[in-house]
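J.: show me how the following folds:
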Amino acid sequence: MILILFNSFSFLFFGIAVLLGLVIIKSRDYQYLFLLLASYFFYYVSSGSFFVLVIYITLLNFYCAKWIKSSAKPGWRKTYFILSILGSLSILAFFKYTDFALKTVNTIGTWMGYQANLSLLQLILPIGISFYAFQAVSYVTDVYRKKIEPEPSLLRFALYMTFFPHLLAGPIVRATDFLPQLRSEGIKITPENFKQGMTRIVWGLVKKMVVADTIAKFVMVFFQDPTRFPGSLPVILGAIAFAIQVYCDFSGYTDIAIGLARIMGIIFPINFDKPFFSKSIAEFWKRWHISLSNWFRDYLFMPLMKRKLNLAWLCFSVFVVYAVSGLWHGAGWNFVIWGALHGFFLIFSMLTESWRAKVNTFLRLDKVPRLHNALRVFITLYLVVFSLLLFRLYNAKNIFYAAHKFLWLDLSHLNVQWQSVFPAFQIPLLMMLIFIVVHAITYFKSGMLDRLQEKGFFEWTMFLIGMILILYFFTPSESVPFVYFQF
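T.: Numbers count the residues shown, from 1 in each chain. Model prediction:
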């Protein structure tokens, strides 16, 4: 298997070939067929025999949705709905969580004095399965709830499921956003679409290849063994570095995916909206990985909330949703704890809302809204960055060491702490500083990317050349795989 990465020359040649094919082919249906075959080729080259899984999930949900619509009896409608959900999620669960479950059984057996010694299957996770399985679930659920009509064309539905820009790592696109766009006049690569798409693509490539991959050098060394670094300063810098890396890596991928689709005239919803400036954990999850957050809200949280309407059930539902979200991110207890921790943050925020309002009134923070908002952003960012230590570390000893140093500041011998990171990682540290400055500028000057797209041809060409030169001169020699490919 040869993974065709967005930041590789192989993908550049693939993308050019696809766009040329779409320009040559004029018929709408043949354009869709060509795009579908190109997407299948893209996934087959990247995943080998796992290629059959995406075909299986496509056919299962296409026909189950049709049977749900045509069934007059509620019992049969529910049967087909359950069949499609179990058929999609069981494949995801088998490949992603079987070894995790076996490890857990072995561990519990050891704690209880029994030696289970269950052999692990060493399963390889099919790339992108978490994304296209969730996409299938959202489609068939919306059909079952009678929010949308089932797609009559297998060709269009298969293209919705396998469209290569979002196939491997999202965003999780809803059928209501994607399928209506396929019922128009077809794929049109106009100068305006090309201009807007390329702006997004080069912006995403710089975030991924220049920022994320440069910082990854420090992140990999630090998280391999944080106990090698004395005091709190390296731990804080390591946690911030990982937060920047994972943001630039994943939002960079999303920008590329949105840009590729835009070139072809297809509009994807945004997936990140400057989450590091959130004033609460709830707001953070409205700005971070938006398509996934909305998926859990609509297809897990809202069904849970239909059962009971009281504070205890609300807290329970929030906790379950975020714990499951953590499990979606990875088959490990550290991911579950990370998700549950965010659930705890939200529950604590809800339960203390009135008390915090009284404190704000007493301190007269409402009289200085900028200071109040800055404090809220700082506290939210502090909690998010701290939680990422649990997300990235797998060893209990390293987790406790890093968490202790992060929460209880140890700034003794600060010069020694600084020297433990600066000489070896001065370029990643400099890149972190550049990112913080640029990210702040893009926040306070909102809509900067949109304005770049609207510039005249000369100004836009200068921007494009500048970004390409940045990629050429500042991309590290060693590329790092996209972080969310493992999810």
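
J.: what residue ranges in the stretch 351-487 of the chain score low on pLDDT?
T.: 485-487 (pLDDT under 70).

J.: so which residues of it form helices?
T.: 353-363, 369-392, 396-407, 414-419, 426-444, 448-453, 457-474 (DSSP state H, counting those that start in this stretch).

J.: and what of the stretch 101-250 of the chain?
T.: 129-144, 154-162, 164-167, 175-182, 191-205, 213-224, 233-263.

J.: would you turn the helices of the stretch 351-487 of the chain into JSON lines with distance to S293 and mean neighbour count?
T.: Using the backbone N, CA and C atoms, a C-beta is placed for each residue, glycine as well. Shown next, in JSON lines, are these (distance: least, C-beta to C-beta, whole Å; neighbours: other C-beta atoms under 10 Å):
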{"stretch": "helix 353-363", "distance to S293": "21", "mean neighbour count": "10"}
{"stretch": "helix 369-392", "distance to S293": "14", "mean neighbour count": "17"}
{"stretch": "helix 396-407", "distance to S293": "25", "mean neighbour count": "16"}
{"stretch": "helix 414-419", "distance to S293": "36", "mean neighbour count": "13"}
{"stretch": "helix 426-444", "distance to S293": "20", "mean neighbour count": "15"}
{"stretch": "helix 448-453", "distance to S293": "22", "mean neighbour count": "14"}
{"stretch": "helix 457-474", "distance to S293": "29", "mean neighbour count": "13"}
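
J.: reformat those helices into CSV and put distance to S138 next to each item.
T.: Shown next, in CSV, are the helices of the stretch 351-487 of the chain (distance: least, C-beta to C-beta, whole Å):
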stretch, distance to S138
helix 353-363, 31
helix 369-392, 25
helix 396-407, 34
helix 414-419, 47
helix 426-444, 30
helix 448-453, 27
helix 457-474, 34
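
J.: so which of these is nearest I263?
T.: helix 448-453 (12.2 Å; C-beta to C-beta).

J.: Y299 is in contact with V137, correct?
T.: Yes - the pair V137 / Y299 is scored as a contact, 6.5 Å apart, by C-beta atoms under 8 Å.

J.: higher neighbour count, these two?
T.: With neighbours defined as other C-beta atoms under 10 Å, V137 and Y299 compare such that V137 has more, 20 against 16.

J.: pull the contacting residues for that one.
T.: V137 is in contact with 84-85, 88-89, 299, counting by C-beta atoms under 8 Å, 6 or more residues apart in numbering.

J.: ok, the closest residue to K208 other than its chain neighbours - contacts?
T.: Once flanking residues are discounted, K208 sits nearest to G252: 3.3 Å by C-beta to C-beta, 6 or more residues apart in numbering. Taking C-beta under 8 Å, 6+ apart as the criterion, G252 is in contact with 203-209, 211-212.

J.: now with 10 Å, please.
T.: Counting by C-beta atoms under 10 Å, 6 or more residues apart in numbering, G252 makes contact with 6-7, 201, 203-213, 272, 482-483.

J.: this structure - how does it break down into domains?
T.: What automatic domain parsing lists as the domains of the chain is 9-187, 210-272+352-486.

J.: W338 is nearest to which of those domains?
T.: Judging those by C-beta to C-beta, what sits closest to W338 is domain 210-272+352-486, at 4.4 Å.

J.: so, low pLDDT: which residues of the stretch 1-150 of the chain?
T.: 1-4, 116.

J.: same thing but at 90, please
T.: Applying pLDDT under 90 to the stretch 1-150 of the chain flags residues 1-12, 26-29, 46-49, 51, 71-74, 99-128.
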